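Peer 1: this one's structure only:
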């Protein structure tokens, strides 16, 4: 320990203190400050570039998402429109069908009505004609039958017979 | 015995102590690294600092005796 | 063309390194003649003395010394200026005036102030004395130490590293003005700067305050690291192994975290909440001692001891070449020495970084504790 203390040179200590102070001062001024500033600047530049890239990427994603949304909306709209058109078409067809049906049934009804009335008229005419014809036939028959005396007599007999039977 | 011999015995004791201490530090650090290889850097730094403290102590003692 | 230039540069560096390494070895080869760094070093004591001499700061920059054929000591290197504050004011002269003497035999007379150098320290002789008298423990009795502001080897190392750091990092700073990504050597420096900022300053101090302290932490980190590495070269710097230097660094950290400590920090030191009132003063004493003495002390001793110990170990292993020559033979001793010192040097390269890292890391941690916001 004594030897160590003996070796300690206060003069060297002072000189070293002065030199070290000077060195630290000069190094900070001429080396460390500019170096560290440049390094920081560079690192910030790199960080900034990375951030910008990240942002651009995010924006791109947003844009893409927007596009997708728009596309989806457009598709939905188109679908809606198509659906509406289809509905309208179906409704129109249905309406037309209904109307046609109604018309047809009305016409059929009318036709049936007219057929029925025609038939009745025809029947009535037929009836009257049949009556006329029967009367004429009856007249002719009666005329033919009653041309002969015997026949008249037999008829009377027959009729009388019927009456008796009754 | 001469005083120089005492000094040498003292130095030997210091070296034994420091050796045991350094061995402990190194061994435990190795174990730590083996257990958690991802913490190697931190363990090494801590190991070097503690080894330096121990070394300072040992050197101080050695030079006090010289 | 550029490649040629570069390879020439590399070869020059290599040549210098090899040359000085060789010189270091040959230096060890010489005998210390009774004065100081002379001659062959063969015995254990001489090696020890040589190593301790190296660990110390020195007043001249000596790469190697040798004895010429004529028996004359030659020194290869250059003197450094000595600046001392004596009782007669500040004196300035070159260290060559001591003629490499290191034990008080050569006395330099500066306007009546007699100065001499003993074991790397400069002493002023008391009035009337004309030579140094030693007591039994080899302590000078009629001379006292002076405040020594010399440009010693360590100060030179500090200046060198300071200029180197300024040059490297200010050119890196200038590069950023022109382009975003640095080229060339800046590409090596940038990750280091980012490492200190992101691994040391930011996690330990916290996102909010780290900017204020990053400059200090980075200066200290690179200062210690480069000086540690410089200490491993054969130039023989041992700056971070000087107690004065590490003490200065530790005290800087101490001042910074003491000054920037907030209310929360001081509250926890002086009047610890959540413990019985009677214990609080005791805790305050312990905490104060921890904050003001133990923390900086551990910082300064750790760095100093690690680097000094590293130098001592490397040099001791190199000295095996001479100390074990008898028992292992020349080839065996040299081979053993080379292998051992090679591996220890590799470890020292790691330690050079580790100590810089730990010093900065602990400084950041202490600062982080001081500026931490209260969170309850």
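Peer 2: Nice, I can see it. None of these values were measured; they are calculated from a predicted model.
Peer 1: how close does residue C:351 sit to residue C:302?
Peer 2: According to Cβ to Cβ, to the nearest Å, residue C:351 and residue C:302 sit 11 Å apart. C-betas here are computed from N, CA, C, even on glycine.
Peer 1: of these two, who's got more company?
Peer 2: Neighbours were counted for residue C:351 and for residue C:302 using other Cβ atoms under 10 Å in any protein chain shown; residue C:302 has more, 24 against 18.
Peer 1: so what's the spatially most central residue of chain B up against?
Peer 2: Most central in chain B under Cα atoms, centre = their mean is residue B:22, positioned 3.5 Å from the mean C-alpha point. With contact set as Cβ atoms under 8 Å, 6 or more residues apart in numbering or on different chains, residue B:22 has these partners: B:51, B:54-55.
Peer 1: quick one, which of those has the minimum pLDDT?
Peer 2: Looking at these by pLDDT, the weakest one is residue B:55, with 79.
Peer 1: most proximal residue of chain B with respect to chain A?
Peer 2: residue B:64 (5.5 Å; Cβ to the nearest Cβ).
Peer 1: on that earlier part again, how much space between the residue nearest to the centre of chain B and chain C?
Peer 2: 13 Å (Cβ to the nearest Cβ, to the nearest Å).
Peer 1: same check, this time on residue A:117
Peer 2: For residue A:117, the distance to chain C - Cβ to the nearest Cβ - is 112 Å.
Peer 1: that residue: how many residues sit nearby?
Peer 2: Residue A:117 has 10 nearby residues by other Cβ under 10 Å.
Peer 1: tell me how far the helix or strand encompassing it lies from the chain's centre.
Peer 2: Applying DSSP states H and E as the criterion places residue A:117 in helix A:33-145. Taking Cα atoms, centre = their mean, to the nearest Å, one finds helix A:33-145 lying 10 Å from the centre of the chain it belongs to.
Peer 1: can you check stretch C:87-94 too?
Peer 2: So, by Cα atoms, centre = their mean, the centroid of stretch C:87-94 is 25 Å from its chain's centroid.
Peer 1: which parts of it are buried?
Peer 2: For stretch C:87-94, a neighbour-count test (16 or more other Cβ atoms under 10 Å in any protein chain shown) marks C:91, C:93 as buried.
Peer 1: mean confidence for it?
Peer 2: Mean predicted confidence for stretch C:87-94 is 83.
Peer 1: what residue is smack in the middle of the chain?
Peer 2: Going with chain A. Short answer for chain A (Cα atoms, centre = their mean): residue A:83, at 2.8 Å.
Peer 1: you answered for a different chain; I wanted chain C.
Peer 2: Closest-to-mean residue, chain C, Cα atoms, centre = their mean: residue C:239 / 1.5 Å.
Peer 1: and it, what does it touch?
Peer 2: C:154, C:157-158, C:161, C:227, C:230-231, C:245.
Peer 1: which of those residues tops the neighbour count?
Peer 2: residue C:245 leads the contacts of residue C:239 on contacts (other Cβ under 10 Å) with 32 neighbours.
Peer 1: burial of residue A:137, as a residue count?
Peer 2: For residue A:137, using other Cβ under 10 Å, the count is 10.
Peer 1: near chain C, which residues of chain B are found?
Peer 2: Contact residues, chain B versus chain C (Cβ under 8 Å from any Cβ of the partner chain): B:45, B:48-49, B:52-53, B:55-57, B:59-60, B:62-63.
Peer 1: tabulate those residues in TSV, adding columns for secondary structure, neighbour count and distance to residue C:91.
Peer 2: As requested, these are exported to TSV (DSSP: H, G, I helix; E, B strand; the rest coil; neighbours: other Cβ atoms under 10 Å in any protein chain shown; distance: Cβ to Cβ, whole Å):
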residue	secondary structure	neighbour count	distance to residue C:91
B:45	helix	16	50
B:48	helix	17	46
B:49	helix	16	46
B:52	helix	21	42
B:53	helix	16	44
B:55	helix	22	41
B:56	helix	23	39
B:57	helix	18	42
B:59	helix	21	37
B:60	helix	18	37
B:62	helix	18	38
B:63	helix	17	33
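Peer 1: low-confidence regions, chain A specifically.
Peer 2: When residues are selected by pLDDT under 70, those of chain A lie in A:1-3, A:164-166.
Peer 1: so how far is residue C:228 from the residue nearest to the centre of chain C?
Peer 2: 9 Å.
Peer 1: go on, residue C:319?
Peer 2: Taking Cβ to Cβ, one finds residue C:319 at 22 Å from residue C:228.
Peer 1: ok, these two, which is more surrounded?
Peer 2: residue C:228 (26 against 22).
Peer 1: once you drop chain neighbours, what's closest to that one?
Peer 2: Leaving aside its sequence neighbours, residue C:228 sits nearest to residue C:352 (Cβ to Cβ, 6 or more residues apart in numbering or on different chains; 3.4 Å).
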